[in-house]
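Q: Below is the sequence, then the predicted model.
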Amino acid sequence: MVFILFFQAHGFILYRTLLPHDILVPALLSVPNNGVHDLAYVLLNGQYKGTLERDKVSGLEMIGWAGDVLDLLVENMGHINFGANVSDFKGLIHNVTLDSFTLSDWFIYPLDIDAAVAHAWPPAVPTRRGTTGPAFYTGTFTTPGINWDTYVKLPGWTKVLQSLARLRIMSFCH
């Protein structure tokens, strides 16, 4: 279930499955053996629950009902192209477990964000304060006068990927 199997070199892939049974007490959702490459945003029925991150966060506790939609939006944060990790595969490289039960029956959606943004996605939507979890926004700006160095200030944001003319120019993690 790695990016390369879907001919996707970078960006995001959405992995989706349904909870197979009720989870009435908090159970550990995890990808053993450092199996998330590189970052997975975890959503249950569209509600952000937390993040799994390579070398940092391998699990989180959750509750839910049989049939609830579990999404893992996995982000490729770049490749290691030297040394022992030259085969730095991206995506979910090990099974996802919920309280030691291996989750299966995944629907997998490669997301070509660059092509989507080039076709005016996402459409303009009203903003909501207090929204957590992943979101994609597009916009335009002009610089006054001569175009010198400029910056984008996004107070309160914790992770930002910026692209200019479909070229990634910055990735910022707070």
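A: Sure thing, it's come through.

Q: Does the closest residue in space to Phe107 that isn't next to it in sequence lie in a helix or a strand, and which?
A: Counting by C-beta to C-beta, 6 or more residues apart in numbering, the nearest residue to Phe107 once its immediate chain neighbours are dropped is Arg16, at 4.5 Å. For glycine as for every other residue, the C-beta is placed from the backbone atoms N, C-alpha and C. Here Arg16, judged by DSSP states H and E, is contained in strand 11-18.

Q: How about residues contacting the following helix or strand past that strand?
A: As assigned by DSSP H and E, the chain's next helix or strand after strand 11-18 is strand 23-30. Here strand 23-30 makes contact (C-beta atoms under 8 Å, 6 or more residues apart in numbering) with 42, 52, 58-65, 70, 96-99.

Q: And those, which is closest to Leu154?
A: Checking these against Leu154 by C-beta to C-beta gives Val42 as the nearest, at 22.9 Å.

Q: In a helix, the closest one, correct?
A: No - using DSSP: H, G, I helix; E, B strand; the rest coil, the secondary structure at Val42 is strand, not a helix.

Q: Pretty sure Glu53 is one of the things it touches, is it not?
A: No - judged on C-beta atoms under 8 Å, Val42 makes no contact with Glu53 at a distance of 10.7 Å.

Q: Between these two, point out the one with more neighbours.
A: Val42 (22 against 17; other C-beta atoms under 10 Å).

Q: Please report the distance of that one from Leu29.
A: Computed as C-beta to C-beta, to the nearest Å, the Val42 to Leu29 distance reads 7 Å.

Q: swap in Phe89?
A: 21 Å.
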